[in-house]
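Asks: 3D model of this:
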Amino acid sequence: MSWNTFFKDYLNFSRAERFGVLVLCGCILLVLTVKWTLPYWTKRRTVDITAYKEEISRFRRAADSVSLAKGQTDQLIYVQSAPDLFYFDPNRITDEEWEKLGLNERQIRNIRNYRAKGGHFKRKEDLKKLYTIPATQYRLLEPYIRIGNESSGKQVAPETHLIPDTEEPERPVATPHQETKLRIELNTADSSLLVQLSGIGPVLAARTIKYRNRIGGFADVAQLGEVYGTDPELVERLASQLSADASLVRKIPVNTATFKDLISHPYLNEQQVRGILNYRKLQNRINNLDELMRNHILEHEDAEKIRPYLVFE
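Replies: Numbers count the residues shown, from 1 in each chain. Predicted coordinates:
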């Protein structure tokens with residue numbers, strides 16, 4: 001094929017084809033022209049956000065004012081509402097006397113309910129553990145608290161009631177009854193008994209009983225540290241006042257237990273429970289805990305932890 005034939009066949013356009021090419025080029029040129037000149041034809045709209053910014057500024061100033069006022073109120077409310085401070089015993093004081101000390105109706109009701117359920121204030125700090133007395137108010141009342149002291153009800157001179165004496169108040173002489181430490185068995189104690197321990201309030205006592213029911217009882221006092229809200233220091237401090245009767249622990253019969261029975265115990269996870277059930281199905285019976293450890297169903301640490309709660313009948 002010659003070059004003349006090539007150009008004639010592939011590069012030669014008919015009249016209609018030439019017209020189509022011209023129209024296409026014209027359209028492309030028109031689109032490019034509109035794109036380049038459009039910004040000059042239209043006016044950019046400027047949005048005025050001055051009013052919006054001013055509104056935000058007013059809102060922030062109002063919020064800061066409320067926050068400042070609240071902070072000042074928190075600092076002054078208890079001084080203003082407690083004009084009649086006097087020495088008192090929180091275990092014997094009446095509702096009217098609480099009101100004179102500046103407590104509101106809700107605070108008085110909470111303290112009354114606490115005492116009605118057997119709650120007892122053994123130390124000054126126990127009053128603060130109810131979470132109904134804010135720290136600011138407690139600091140004002142603390143110098144006048146007399147646990148077991150007959151001076152409850154003694155009025156303080158009016159000119160000194162807003163600025164409590166910062167000197168250490170006289171401590172009453174401990175009686176033999178006060179020196180006797182309370183002994184509590186964890187598996188039989190109720191909330192009213194647990195709250196008598198220093199460091200355990202109504203909330204922590206309720207959590208302790210809930211966790212005790214969940215694991216089937218305490219086999220060791222150290223397990224108290226597993227309750228949410230406790231710490232090793234608290235358990236160590238209370239250890240001499242506590243005991244755990246392991247014979248009261250609720251046992252799980254491994255050879256007849258269902259998946260639900262085993263998985264409900266917090267010391268066993270789903271993988272371990274399925275391993276126990278599959279092994280039991282294969283062997284028909286599990287003789288002891290060591291058998292589960294030898295077959296790597298339970299690690300040694302996990303096995304020792306769950307040991308008090310399993311029985312192989």
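Asks: For this protein, which segments are assigned as strands?
Replies: Under the criterion DSSP state E, the chain contains strands at 184-185, 242-243, 252-253, 310-311.
Asks: Tyr87 is nearest to which of the ones you listed?
Replies: strand 184-185 (31.0 Å; C-beta to C-beta). Heads up, the C-betas are built off the backbone N, CA and C, glycines and all.
Asks: Which secondary structure element of the chain has the lowest mean pLDDT?
Replies: helix 176-179 (a mean of 42; mean pLDDT, DSSP states H and E).
Asks: if we can go back for a sec, tabulate the strands of the chain (TSV), appending distance to Tyr267.
Replies: TSV is the format used below for the strands of the chain (distance: least, C-beta to C-beta, whole Å):
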stretch	distance to Tyr267
strand 184-185	22
strand 242-243	21
strand 252-253	10
strand 310-311	10
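Asks: Tabulate these (CSV), appending mean neighbour count, mean pLDDT and distance to Thr136.
Replies: Shown next, in CSV, are those (neighbours: other C-beta atoms under 10 Å; pLDDT from 0 to 100; distance: least, C-beta to C-beta, whole Å):
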stretch, mean neighbour count, mean pLDDT, distance to Thr136
strand 184-185, 16, 90, 33
strand 242-243, 18, 91, 34
strand 252-253, 14, 94, 50
strand 310-311, 17, 94, 51
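Asks: Quick one: low-confidence residue ranges for this protein.
Replies: Scanning the chain for pLDDT under 70 picks out 1-11, 13, 42-48, 62-83, 131, 149-181.
Asks: Could you rerun that using 90?
Replies: For the chain, the stretches with pLDDT under 90 are 1-22, 26, 30-184, 191-193, 195-201, 225, 228-241, 283, 301, 313.
Asks: Break it down into its structural domains.
Replies: Following automatic domain parsing, one gets these domains for the chain: 54-165, 178-248, 252-311.
Asks: what about the last one, start to end distance?
Replies: Which is domain 252-311. Domain 252-311 has an end-to-end distance of 6 Å (C-alpha to C-alpha, to the nearest Å).
Asks: Just give me how far that domain sits from the chain centre.
Replies: Centre-to-centre, domain 252-311 and its host chain are 32 Å apart (C-alpha atoms, centre = their mean, to the nearest Å).
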